[in-house]
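Peer 1: Below is the structure, and that's it, no one-letter string:
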């Protein structure tokens, strides 16, 4: 029988429209989905957050974090009623004692049911993890680091679940929500086209990594998005660089793009390009050798004037995580990094729907790309 833990509500920062799913890049997979609600970003543990509208079949909740060393032997994710913490539909409890195992259970009216134990530990102390909880008619399907882990059969109706809580010695990066039935799967474009720059722009197309962080921004309506997360070994997710994918429908006012990853420890530069055919409508180029974030546009293989000004200091740090959010407005792109506005970039190519491809390259590892 498992003892109860009290959970104090700790507001997490919400990242609009950012959701995530995982598949193995070696299988070339990706999932398209629509957000159910804005994610909680960098929430403080212990954490308790509302699941807006309650759980529904097809909803997927993704928890990303890291179990901390020497801070305790277990952590807990609970799907419960916000009215009372005496009713927990699904209690997911990794325990690091011995070789490790995971306990699953249900509490109804303050009383625990019979434990289900999975004698396998997919988590490692100090290694980032991703847990995906998919709500099905029969139960919760749980994936850990892209691999199937367990099906937990519903013991109580899942519809009354409207809260998720996380406790224990761990650091959360984000909790995201998606409806896996919302839109069809799209195939990923895996090849990157390289375009020479005969005009000799000083802007390098070198591809270098950035750090994953998270931020807060104004929510934008999302009608469709493609989410890429790629996994190699447990706790490490990164697609091949350079990375190239489509932007469904191209740009339009309120369209948002999310990119998160980690800057390589010895990074010099990396770039994010929004492309229109062979042109680069928007080139964002953090340069650690210059301590600058350079922006530009390339038309007919010729670069325009560079822009360097920022509203704050260089937000990217070698070896650290980052999250970039690009929102399209009628006259410009608004760019935020780690939750804070960084700059506006006025459109130089005004045929926004034709800006329909994204490229990321340089000294960076990617963890999430949402277009």
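Peer 2: Looks like it arrived, so ask away. Just so it is clear, the model here is predicted, and its values are computed rather than measured.
Peer 1: quick check: domain ranges of the chain?
Peer 2: With domains defined by automatic domain parsing, the chain comprises 13-179, 226-370.
Peer 1: I'd like those domains laid out as CSV, including mean pLDDT and mean neighbour count.
Peer 2: For every residue, glycine as well, the C-beta is placed using N, CA and C. Shown next, in CSV, are these (pLDDT from 0 to 100; neighbours: other C-beta atoms under 10 Å):
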stretch, mean pLDDT, mean neighbour count
domain 13-179, 83, 18
domain 226-370, 87, 20
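Peer 1: tell me how far the ends of stretch 61-81 are from each other?
Peer 2: Using C-alpha to C-alpha, to the nearest Å, one end of stretch 61-81 lies 16 Å from the other.
Peer 1: beta partners for residue 88?
Peer 2: residue 80, residue 107 (DSSP bridges).
Peer 1: what sits against it?
Peer 2: By C-beta atoms under 8 Å, 6 or more residues apart in numbering, the contact set of residue 88 is 78, 79, 80, 81, 105, 106, 107.
Peer 1: For those residues, name the two members farthest from one another.
Peer 2: Farthest apart among the contacts of residue 88 by C-beta to C-beta are 81 and 105. That separation is 15.4 Å.
Peer 1: Any figure for the gap between residue 64 and residue 45?
Peer 2: 13 Å (C-beta to C-beta, to the nearest Å).
Peer 1: Next, show the common contact partners of the two.
Peer 2: residue 172.
Peer 1: ok, and the closest non-adjacent residue to residue 144?
Peer 2: With C-beta to C-beta, 6 or more residues apart in numbering as the criterion, residue 144 has its nearest non-adjacent residue at 4.2 Å, and that residue is residue 122.
Peer 1: what's the spacing between that neighbour and residue 149?
Peer 2: For residue 122, the distance to residue 149 equals 6 Å [C-beta to C-beta].
Peer 1: Tell me the residues that contact both of these two, please.
Peer 2: With contacts taken as C-beta under 8 Å, 6+ apart, residue 122 and residue 149 have residue 102 as neighbours in common.
Peer 1: The residue nearest to residue 141 when sequence neighbours are not counted: which element?
Peer 2: Nearest non-adjacent residue to residue 141, counting by C-beta to C-beta, 6+ apart: residue 134, 4.3 Å away. Here residue 134, judged by DSSP states H and E, is contained in strand 128-135.
Peer 1: Run the chain-centre distance for that strand.
Peer 2: 12 Å (C-alpha atoms, centre = their mean, to the nearest Å).
Peer 1: and the following helix or strand past that strand, what does it pack onto?
Peer 2: Using DSSP H and E, the helix or strand that directly follows strand 128-135 along the chain is strand 139-144. Under the contact criterion of 3 or more C-beta pairs under 8 Å, 6 or more residues apart in numbering; DSSP states H and E, strand 139-144 touches strand 128-135, strand 147-153.
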